[in-house]
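Trainee: please find the sequence and the predicted model below.
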Amino acid sequence: MFGSNRIKLEKELLDKIKRYSEIAGYSSPEEFVTHALEKELAKLEDADSEEEIKKRLQGLGYIS
């Protein structure tokens with residue numbers, strides 16, 4: 001990854017990311033996370049309005 005940005009994750013989540021990224025054949029956990037985030041962002045970018053984005057995020061449990 002470019003830069004030195006860091007995101008803190010719970011240990012249990014990081015362990016899952018490491019395990020599943022290896023099973024899925026990603027070259028690194030970072031590649032797996034990048035791919036997952038790009039897929040989610042693409043879904044949001046297809047939204048027609050800010051209200052639709054909020055509804056989608058609520059549906060995913062990211063906001064209440």
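Mentor: Alright, I've got the coordinates. Numbers count the residues shown, from 1 in each chain.

Trainee: state the mean pLDDT of the host helix or strand of Lys39.
Mentor: Here Lys39 sits within helix 29-45, counting by DSSP states H and E. Mean per-residue pLDDT for helix 29-45: 89.

Trainee: give me the buried positions along that helix.
Mentor: Judged by neighbour count using 16 or more other Cβ atoms under 10 Å, the buried positions of helix 29-45 are Pro29, Phe32, Val33. Every residue, glycine included, has its C-beta placed from N, CA and C.

Trainee: what's in contact with it?
Mentor: Contacts to helix 29-45, defined as Cβ atoms under 8 Å, 6 or more residues apart in numbering, come from residues Met1, Leu14, Ile17, Lys18, Tyr20, Ser21, Ala24, Tyr26, Ile53, Arg56, Leu57, Leu60.

Trainee: for these, give me JSON lines that also has pLDDT.
Mentor: Shown next, in JSON lines, are those (pLDDT from 0 to 100):
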{"residue": "Met1", "pLDDT": "45"}
{"residue": "Leu14", "pLDDT": "95"}
{"residue": "Ile17", "pLDDT": "96"}
{"residue": "Lys18", "pLDDT": "96"}
{"residue": "Tyr20", "pLDDT": "96"}
{"residue": "Ser21", "pLDDT": "96"}
{"residue": "Ala24", "pLDDT": "96"}
{"residue": "Tyr26", "pLDDT": "96"}
{"residue": "Ile53", "pLDDT": "76"}
{"residue": "Arg56", "pLDDT": "75"}
{"residue": "Leu57", "pLDDT": "79"}
{"residue": "Leu60", "pLDDT": "77"}
